[in-house]
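In: Give me a model of this one.
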Amino acid sequence: MSSESSFSRVLRGYDPQQVDALVQKLRRELLAAKTLHDDTLNQLKALEERVAELELELNNQASPTPAGLTAQLAKKFAQADKQARQIILNAESDALLIRSAAEKTSSQFIESAREGYEQVRAEALQNAHELREEATAEAEEIISSAQAEADRIIAEAQAEAKKIHGDSSTLSAKMRAESRNEASRIIADAQREAAELRLVLVAGRDKGVTVSDEIMQILKLNADGAAVRAQMEHDIEQRHQESVLQTDKYLASAEAQLAISRTAQRELEAQLAAQENTADKDAQHIIEQARKKAAATEDAATTHARKIIADAEKYVAAVLASIYTQLEDIRLERESVASFFDALRLELEKTLPVAPRPTKRATKKELSQ
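Out: Take a look at the predicted model:
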């Protein structure tokens with residue numbers, strides 16, 4: 001295994017320091033397993049050397065007896081078997097500890113990855129919630145500003161329309177009053193002139209002028225006054241019609257301006273609704289992306305943790321398999337040596353003189369020794 005970290009750096013993923021610490025701890029434990037494996041091999045080599053020494057010692061013994069040879073071989077093989085069993089027990093115990101430590105480390109890594117995922121997910125949801133609130137607040141502010149602007153435009157249009165209507169009404173009333181005053185003045189002037197004319201006629205009437213002539217002149221004056229009055233009434237009516245037309249024109253212009261303002265308000269409301277809808281979609285998209293990113297982070301962390309566990313289990317299994325293979329080789333070699341010594345013992349029994357059989361008492365003494 002490489003001693004350098006091979007993890008890529010990602011934003012809002014697992015904590016690199018925690019992961020590196022866990023990986024280094026697992027690597028140290030695997031290195032300890034390898035060291036144990038090497039120690040076991042050294043012990044096995046020591047046993048092999050001891051067996052070789054025993055063989056040499058056996059070969060160098062002068063005139064050994066079958067009983068003594070058998071007892072010595074049995075003792076040596078018992079010691080070798082005891083040491084081999086102890087080595088096996090130690091190897092199995094150490095392998096179990098290594099496996100337990102690897103599983104614990106992997107569990108810690110998975111738990112750390114899960115906590116990192118929960119933290120990333122919580123942060124993503126919080127960010128999405130904050131973005132949604134900001135978008136909503138901004139949309140509400142835009143709508144409020146637009147509504148205030150629309151209300152202001154409508155109020156100004158209505159005020160302008162009222163002002164135009166009031167101005168037109170005032171102008172119409174003023175024109176009517178002026179027309180009436182002018183007509184009254186003209187009529188008064190005509191009546192005054194007619195009265196003066198009558199006085200002149202009466203004062204300067206010739207004796208030859210008849211009453212009928214005076215009447216005709218008076219009638220003529222009255223007719224002229226009626227014509228003047230009719231003309232004045234016609235002028236007043238014409239001015240009134242012009243005033244009404246001007247007022248209608250002002251009102252039509254005000255209504256058109258009001259319609260334009262209302263149309264602009266509706267367009268602004270539609271635009272604001274579209275902006276609010278877009279902001280809501282953007283917030284939903286951000287939330288969905290955050291969820292996908294959190295899920296991808298969790299999957300990546302879980303996959304990486306499973307790979308670490310699988311690698312650790314594979315390495316521990318390989319170490320155990322190597323140890324078991326070495327132990328099996330030792331067992332086979334031990335059996336081979338035992339068979340060799342059995343054959344050697346039989347051969348020695350055939351060639352060497354038979355030693356006297358020890359008594360029961362001597363056997364007990366020997367056993368006690």
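In: Now that residue 153 has come up, it's in contact with residue 261, right?
Out: Yes - Residue 153 is in contact with residue 261 according to CB atoms under 8 Å; the separation is 4.6 Å. All C-beta atoms are positioned from the backbone trio N, CA, C, and that covers glycine.
In: Walk me through the domains of the chain.
Out: According to automatic domain parsing, the chain comprises the domains 16-138+298-355, 158-291.
In: for this protein, what spans make up the helices?
Out: 16-60, 66-203, 211-351, 360-368 (DSSP state H).
In: quick check: mean pLDDT across the third one?
Out: By that I understand helix 211-351. Averaging pLDDT along helix 211-351 gives 72.
In: likewise the first one?
Out: Helix 16-60 shows a mean pLDDT of 74.
In: Can you list the helices and strands that that helix packs against?
Out: Judged by 3 or more CB pairs under 8 Å, 6 or more residues apart in numbering; DSSP states H and E, the packing partners of helix 16-60 are helix 66-203, helix 211-351.
In: which residues touch residue 260?
Out: Contacts for residue 260 (CB atoms under 8 Å, 6 or more residues apart in numbering) come out as none.
In: Would you mind listing the buried residues in stretch 127-136?
Out: Within stretch 127-136, the residues scored as buried using 16 or more other CB atoms under 10 Å are 128, 131, 132, 135.
In: which of those lies closest to residue 273?
Out: Using CB to CB, residue 135 is the member of these that lies nearest residue 273, at 13.9 Å.
In: That closest one contacts residue 282, correct?
Out: Yes - the criterion here is CB under 8 Å, and residue 135 meets it with residue 282 at 6.5 Å.
In: Give the residues shared as contacts by these two.
Out: Both residue 135 and residue 282 lack any common contact, where contact means CB under 8 Å, 6+ apart.
In: Residue 180: neighbour count?
Out: When counting by other CB atoms under 10 Å, one arrives at 13 neighbours for residue 180.
In: And it, how far from residue 226?
Out: To residue 226, residue 180 is 18 Å away according to CB to CB, to the nearest Å.
In: and if you look at residue 141?
Out: Following CB to CB, the distance that separates residue 141 from residue 226 is 73 Å.
In: go on, residue 132?
Out: 85 Å.
In: do residue 130 as well
Out: Counting by CB to CB - residue 130 and residue 226 are separated by 88 Å.
In: next one: residue 119
Out: 104 Å.
In: Pick out whichever of these two has more residues nearby.
Out: In terms of neighbours (other CB under 10 Å), residue 119 is the more surrounded of residue 119 and residue 226; the figures are 15 against 12.
In: And the pLDDT for that one?
Out: So residue 119 comes in at 79 (pLDDT).
In: so how far is residue 133 from it?
Out: Distance from residue 119 to residue 133, by CB to CB: 21 Å.
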